[in-house]
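Student: With the input below, show me the fold.
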Amino acid sequence: MDPLTPEEALEIINKEADRVVEEKQKNGNGNGNGHSDADRAAKEAQLLGSTKEAIELRKAEINGEIKLMQCKLKGQIDTIKANESAKEKAGKHLAVFGAFYLCLMVLAFLVSVQYITNENLAIVATLITLVVTSISGILKGISDTPEPKDPVELMHDIVQKQLTISDHHKK
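Tutor: Model prediction:
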């Protein structure tokens with residue numbers, strides 16, 4: 001059975017409250033302070049219904065904010081990826097898969113040794129060595145590339161060097 005919507009629940013509660021009020025009025029049963037128990041129950045039910053609606057509304061607002069933040073962050077990531085140069089993309093790819101490529105080349109060489117004649121073995125070994133050396137050099141270049149400094153840090157370093165030089169000349 002599907003859960004009731006807040007409107008359906010309020011309708012049922014209001015009908016029941018109306019029935020109880022009518023019954024109390026027929027029997028003359030009140031609580032002595034001018035308000036019947038049914039009025040109180042109806043007000044409590046209405047308050048509970050509106051509280052539930054308020055909670056559901058706030059939950060929907062929070063879910064919307066979360067989705068909006070996710071979309072903004074995804075947009076920023078997509079912008080960063082779109083601004084990457086081909087060199088940066090290739091560097092990241094080789095940083096992830098470079099070791100795999102090296103292992104694949106060595107395994108290919110070891111397998112091919114069984115099927116290659118002795119005269120051609122030196123040529124294949126040279127080619128495999130050349131490819132492995134090239135990939136190793138590329139990986140070394142990627143890992144040895146210094147990160148660019150922040151311009152503020154660069155200016156700070158220049159000022160510090162100038163102050164050190166001027167202090168040295170004063171002495």
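
Student: longest single helix anywhere in the chain?
Tutor: As assigned by DSSP state H, the longest helix anywhere in the chain is helix 37-82.

Student: Report the next helix or strand after that one in sequence order.
Tutor: Next helix or strand after helix 37-82 toward the C-terminus (DSSP states H and E): helix 86-113.

Student: Give the buried residues for the next helix or strand after that next one.
Tutor: Counting by DSSP H and E, the element after helix 86-113 in chain order, helix or strand, is helix 118-144. For helix 118-144, a neighbour-count test (16 or more other Cβ atoms under 10 Å) marks 128, 132, 135, 138-139, 142 as buried. Glycine gets a C-beta too; all of them are placed from N, C-alpha and C.

Student: Let's have these in CSV, adding pLDDT and distance to V159.
Tutor: Output for the buried residues of helix 118-144, formatted as CSV (pLDDT from 0 to 100; distance: Cβ to Cβ, whole Å):
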residue, pLDDT, distance to V159
I128, 80, 52
V132, 80, 46
I135, 78, 42
I138, 76, 37
L139, 73, 37
I142, 68, 32
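
Student: now, the most widely separated pair of the residues you listed?
Tutor: By the measure Cβ to Cβ, I128 and I142 form the most distant pair in the buried residues of helix 118-144, at 21.3 Å.

Student: And the buried residues of helix 118-144, which is closest to A95?
Tutor: I142 (5.6 Å).

Student: Which pLDDT value does the model give V21?
Tutor: In this model, V21 is scored at 66, pLDDT.

Student: what do you get for E147?
Tutor: We have a pLDDT of 63 for E147.

Student: just K67 next, same as before
Tutor: Looking at K67, its pLDDT is 91.

Student: That one and R58, how far apart?
Tutor: 15 Å (Cβ to Cβ, to the nearest Å).

Student: Alright, I will stop here.
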